[in-house]
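> Have a look at this prediction, sequence included:
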Amino acid sequence: MIEYSNDAPSSFHPASAADYLPIPQLRELQLHRLKATVRRAYDHVSLFRERLDERGISPDEIESLRDIVNLPFNEKNDLRVTYPFGLFASDMQEIVRLHASSGTTGKPIVVAYTAEDLQVWTTVMVRSFAACGLHRGDIIQNAYGYGLFTGGLGAHYGAEALGATVIPISGGNTDRQIAILQDFGVTAICCTPSYFVHLLERAEELGVRIMDLPLRAGVFGAEPWSEGMRQHIEAGGGLKAYDIYGLSEITGPGVAIECACQDGLHVFEDHFYPEIVDPQYNKPCPDGVEGELVLTTLSKHAMPIIRYRTHDITALLPGPCACGRTLRRIRRIGRRSDDMMVIRGVNVFPAQVEAALLLVEGTLPHYQILLTRKKGLDQIEVQVEVTPEVFSDQVRALENLQAKLADSLEHTLGLRVRVRLVEPRSIPRSEGKAKRVIDRRKDP
Amino acid sequence: MRIHQLSLFLENRPSQLRTVCKLLADAGINLMALSLADSEQFGILRLIVRDWQRAKFILEGANCLVKVTEVVAIEVPDRPGGLDEVLAVIERHEINIEYMYAFTFGLERKAALIFRFDNVDEVISKLQSSGINVVGRVELFERAET
């Protein structure tokens, strides 16, 4: 549905109508789309077909939404082993956009969109912005990174389709971000919550009171953030901070969004089917019980993904939301079931750090990852024990080693990393699984 | 004619230097000379001691990272120009100095210059042929302890 000139600026965007579908119709639509998605994946994606055949399941056996539990899971690793195009269900002629993100081995994962997929993505982003109370006439500063990362372009096209004015500033250059916030009368901003905290602190140094600007909403995502951080942001910025959830494998940002109630994130269930699964036993969790979020795309053509294990731990909230949307809600993501860290919106696995260190030194030194937060921004420091093999009694040689390690880490992670050389045996050894990550990021 | 020097890796944090010195003090090892090179994050402590093998054993037993480096000791009179005369010879031979430090000793008003070069043997013969007083290990310690 589009918005007509008579509608603006209304607090209700016509595209949001789908957020309020009567539940029986919504379930019927989901079932219909699930059947079509499974059929499409079976016919066009060999990995999926083989797995279904192995289990002796026919795509036609799905008769109700509950039958989804019989389908095999998909993992991030499936995207890696089929790199680059192995999970595509459409010909390249149909595919109009590719995005990519880094994987644990430095090998990226690739996701594809047909024109229709992009349209769906844009629509869920429109509905996301509308749920945050934004509409035509709003000026949205999009500080998500533009490029292979889905955040920038996803928010961009959504904000444009909403009818808002988009400032495609992308990430970084904080002083300029602050100048534009002031000069352009920006009413909403999109970025990672940690970057916004950084922006608030820089503004304070510059003597700019963000509180006094017209800015009234922030659409923050791409990393987990706490209620404490939200209070800090809302009090310091004089705006409402909304949590947006998404992942490239499913579509990008716009899988789920908070509404004005800020009580859980509504999943756009007409396009993404959520399940909560006990990560240990792989059994479905009842509503309200915490488990791993598993998502199935219901309308994706270029790359249908069935039962994707997000590793994000959350729960489906029971009962309806006070806003009236019939879309079920997930609790805000607080932690993950694997060892992935999210640093300034970038996904980092300890295994990537190991690969980068190994590349420089030839053998894996003892190391530890220290995460801190400085001026609202996540900082990552990798402490590396100096070994007899690499120790030189010349400062220059050790500084070279340090620089080489930092370069290798930056190249692998796509993130500037501080490297600290430490004395042998200064990193605590533990019995069993080494504690590689020390997370000292606290609420600002 | 080469002198064994111990180089230690130290993190830049309080009490690191003392920990090392105390280990050697407790073992009755006298420091003849030392120099500390530092960067923003770490330091390299360079030591010359008589019984370097024992010192190395003790330090490594305490998990220190120790490297033995061969350096060159040159004795000069402790007066203005003492170092300059040596540097002039080094310059004439186009020898690159990795680093150096110096100390004075004894009652004879002598100074010892400790140099780290890349190609030690070649440099020693060049210096000696130019009349520079390169001193060996035994000599160095004898002089220092009189």
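Nice, thanks for sending it over. Nothing here was measured: the structure is a model prediction, and the numbers come from that model.

> Give me the neighbour count for residue A:22.
Using other C-beta atoms under 10 Å in any protein chain shown as the criterion, residue A:22 is surrounded by 9 other residues. Bear in mind the C-beta positions are built from the backbone N, C-alpha and C, glycine included.

> wait, it sits on residue A:326?
Yes - Residue A:22 is within contact range of residue A:326, at 6.8 Å (criterion: C-beta atoms under 8 Å).

> Identify the contacts common to those two.
Taking C-beta atoms under 8 Å, 6 or more residues apart in numbering or on different chains as the contact criterion, residue A:22 and residue A:326 have no common neighbours.

> Provide a list of residues in contact with residue A:311.
Residue A:311 neighbours (C-beta under 8 Å, 6+ apart): A:76, A:279, A:292, A:336-338, A:340.

> Any figure for the gap between whichever residue of chain B sits closest to chain A and residue A:262?
The shortest separation between chain B and chain A is 3.2 Å, found at residue B:7 (distances taken as C-beta to the nearest C-beta). According to C-beta to C-beta, to the nearest Å, residue B:7 stands 59 Å off from residue A:262.

> Output the contacting helices and strands for the helix or strand hosting residue A:410.
Using DSSP states H and E, residue A:410 sits in helix A:395-413. Secondary-structure packing of helix A:395-413 (3 or more C-beta pairs under 8 Å, 6 or more residues apart in numbering or on different chains; DSSP states H and E): helix A:350-361, strand A:377-385, strand A:418-422, strand B:42-49.

> how about the residue of chain B closest to chain A, secondary structure?
In three-state terms, and counting by DSSP: H, G, I helix; E, B strand; the rest coil, residue B:7 is strand.

> ok, how many other residues are close to the residue lying closest to it once chain neighbours are set aside?
Across the structure, with C-beta to C-beta, 6 or more residues apart in numbering or on different chains as the measure, the residue nearest residue B:7 apart from its sequence neighbours is residue A:393 (3.2 Å). If you count neighbours by other C-beta under 10 Å, residue A:393 ends up with 23.

> Could you do residue A:179 as well?
Residue neighbour count, defined by other C-beta under 10 Å, stands at 13 for residue A:179.

> go on, residue A:287?
Residue crowding around residue A:287 was assessed by other C-beta under 10 Å; the count is 11.

> residues in contact with it?
Contact analysis of residue A:287 by C-beta under 8 Å, 6+ apart lists A:276, A:315-318.

> Ignoring the adjacent residues along the chain, who's closest to residue 27?
You didn't pick a chain, so chain A it is. Leaving aside its sequence neighbours, residue A:27 sits nearest to residue A:65 (C-beta to C-beta, 6+ apart; 6.3 Å).

> nope, chain B
In space, and not counting its chain neighbours, residue B:27 is closest to residue B:58: 5.2 Å by C-beta to C-beta, 6+ apart.

> before we move on, what SS does the one you found have?
At residue B:58, secondary structure determined by three-state DSSP is helix.

> so which strand or helix has residue A:203?
Secondary structure assignment for residue A:203, by DSSP H and E: helix A:193-206.

> could you list every residue that touches residue A:197?
With contact taken as C-beta under 8 Å, 6+ apart, residue A:197 is in contact with A:229, A:232-233, A:236, A:375-377, A:444.

> Inside strands: which ones of these?
Counting by DSSP state E, the members of the contacts of residue A:197 that fall within strands are residue A:377.

> Chain B: which of the contacts of residue A:311 is nearest?
For the contacts of residue A:311, with chain B as the reference and C-beta to the nearest C-beta as the criterion, the closest is residue A:340, at 28.0 Å.

> Single out the most deeply packed of the helices and strands packed on helix A:395-413.
Scoring the helices and strands packed on helix A:395-413 by mean neighbour count under mean count of other C-beta atoms under 10 Å in any protein chain shown gives strand B:42-49 as the most buried, with a mean of 22.

> Please identify which of the contacts of residue A:287 is nearest to residue A:80.
Of all the contacts of residue A:287, residue A:276 has the smallest distance to residue A:80: 24.6 Å, by C-beta to C-beta.

> Could you verify that that closest one is part of a helix?
No - applying three-state DSSP, one finds residue A:276 to be strand, outside a helix.

> Contact partners for the residue nearest to residue A:27?
A:27, A:30-31, A:34, A:273.

> Just the residues contacting stretch B:28-40, thanks.
The contact list for stretch B:28-40 (C-beta under 8 Å, 6+ apart) reads A:394-395, A:398-399, B:12, B:17, B:21, B:24, B:43-51, B:54-55, B:58, B:99, B:101, B:103, B:112, B:114, B:140-141, B:144.

> could you measure residue A:207 against chain B, distance?
Spatial separation of residue A:207 from chain B under the definition C-beta to the nearest C-beta, to the nearest Å is 31 Å.

> Thought residue B:6 was touching residue B:49, still the case?
Yes - in this structure, residue B:49 sits in contact with residue B:6. The criterion is C-beta under 8 Å, and the distance is 7.0 Å.

> picking up where we left off before, tell me the pLDDT of the residue nearest to residue B:7.
Looking at residue A:393, its pLDDT is 86.

> One more: residue A:378?
The score at residue A:378 is 86. That number is its pLDDT.

> Can you pull the domain assignment for chain A?
When chain A is parsed with automatic domain parsing, its domains come out as A:5-338, A:343-439.

> can you tell me which residues contact residue B:71?
The neighbours of residue B:71, taking C-beta under 8 Å, 6+ apart as the test, are B:2-5, B:48, B:114-116, B:120.

> hmm, back to that, dump the helices and strands packed on helix A:395-413 into CSV; add distance to residue B:68 as well.
Converted to CSV, the helices and strands packed on helix A:395-413 look like this (distance: least, C-beta to C-beta, whole Å):
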stretch, distance to residue B:68
helix A:350-361, 21
strand A:377-385, 20
strand A:418-422, 20
strand B:42-49, 11
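
> Nearest to residue A:368 among these would be which one?
Taking C-beta to C-beta as the measure, the helices and strands packed on helix A:395-413 were each checked against residue A:368, and strand A:377-385 came out nearest at 4.7 Å.

> Just the buried residues of the contacts of residue A:311.
Buried subset of the contacts of residue A:311 (neighbour count, 16 or more other C-beta atoms under 10 Å in any protein chain shown): A:76, A:279, A:292, A:336-337, A:340.

> quick revisit: tabulate the contacts of residue A:65 (TSV), appending pLDDT, neighbour count and distance to residue A:364.
Compiled in TSV, the contacts of residue A:65 are given as follows (pLDDT from 0 to 100; neighbours: other C-beta atoms under 10 Å in any protein chain shown; distance: C-beta to C-beta, whole Å):
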residue	pLDDT	neighbour count	distance to residue A:364
A:27	97	14	51
A:30	98	20	47
A:31	97	19	49
A:34	97	21	44
A:273	98	21	41
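
> Could you tell me how many residues sit around the closest residue to residue B:4 other than its chain neighbours?
Nearest in space to residue B:4, with sequence neighbours left out and distances taken as C-beta to C-beta, 6+ apart, is residue B:52 at 4.6 Å. Taking other C-beta under 10 Å as the criterion, the count of residues near residue B:52 is 18.

> Nothing else from me, thank you.
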